[in-house]
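> Quick one, structure for this:
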Amino acid sequence: MADALWILVANGSRAKLFATDERAEVWDLREEFHHEESRSMSRQLLNQPDNPNAGSLHKPQPENQPDARQQLEIDRFARELAARLERGLNDHAYDRLVIAAPPGLLGMLRKLISTRVHQKLMLDFRADYMNVPDRELPERIPLS
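Model (predicted):
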């Protein structure tokens, strides 16, 4: 049976996915996501050996600009979250969706989620609640 509601609380480098029923009295933490590359300083990202474009002798690629590489990592994380929401919908794991994320990430997610997932989105909050204790989230994210 599908959970009535999924709540995604995220920022550019971490996210938590909760599930609850219609009454929303108890939020079950279902999954946590971490994308440490999004938290790294831009210069650290440029010096990573796994960056195929770092140190190119040709014109600099956008991901080699100081802040662009960090934004690229945040975009990758947003794509990961959007894909997870799509899988959940395909698995009939939720009927309704709430997202709480800072404005930049929320905007990315809105662009990346499919029309089907977007149809399940009942609320979104432009805020970073990742440092709020889990037990306080229902007070910060009212579902009714």
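> hang on, isn't W27 packed against F18?
Yes: between W27 and F18 there is a contact under C-beta atoms under 8 Å: 4.3 Å. In short, each C-beta sits where N, CA and C put it, glycine included.
> Name the helix or strand of the chain that has the lowest mean pLDDT.
When each helix and strand of the chain is scored by mean pLDDT, DSSP states H and E, helix 42-46 comes last, with a mean of 45.
> Buried residues of the following helix or strand past it, list them for me.
Beyond helix 42-46 on the C-terminal side, the first helix or strand identified by DSSP states H and E is helix 68-90. When burial is assessed from 16 or more other C-beta atoms under 10 Å, helix 68-90 yields the following buried residues: 68-74, 77-78, 81-82, 84-85, 88-89.
> Ok, stretch 115-132 next?
V117, K120, L121, F125, A127, D128, Y129, M130.
> Which of the residues you listed fall in helices?
Those of those mapping onto helices are V117, K120, per DSSP state H.
> Pass me the low-pLDDT residue ranges in the chain, would you?
For the chain, the stretches flagged by pLDDT under 70 are 1-3, 37-67.
> now with 80?
1-3, 22-24, 35-70, 144 (pLDDT under 80).
> Closest one to L105 out of the buried residues of stretch 115-132, please.
Nearest to L105, judged by C-beta to C-beta, of the buried residues of stretch 115-132 is D128 at 8.5 Å.
> still on that earlier bit, so what sits against both of W27 and F18?
When contacts are counted by C-beta atoms under 8 Å, 6 or more residues apart in numbering, the set common to W27 and F18 consists of I7, D134, L137.
> Counting by contacts, list what the helix or strand harbouring the first one packs against.
The reference is to I7. Under the criterion of DSSP H and E, I7 resides in strand 3-10. For strand 3-10, the packing partners by 3 or more C-beta pairs under 8 Å, 6 or more residues apart in numbering; DSSP states H and E come out as strand 14-20, strand 28-34, helix 68-90, strand 94-101.
> can you list contacts of it?
Outside of strand 3-10, the residues within contact range by C-beta under 8 Å, 6+ apart are 15-22, 24, 27-28, 30, 33, 81, 85, 88, 93-101, 105, 109, 122, 129-130, 137, 141, 143.
> and those, which are buried?
15-20, 24, 27, 30, 81, 85, 88, 93-94, 96-101, 105, 109, 129-130, 137, 141.
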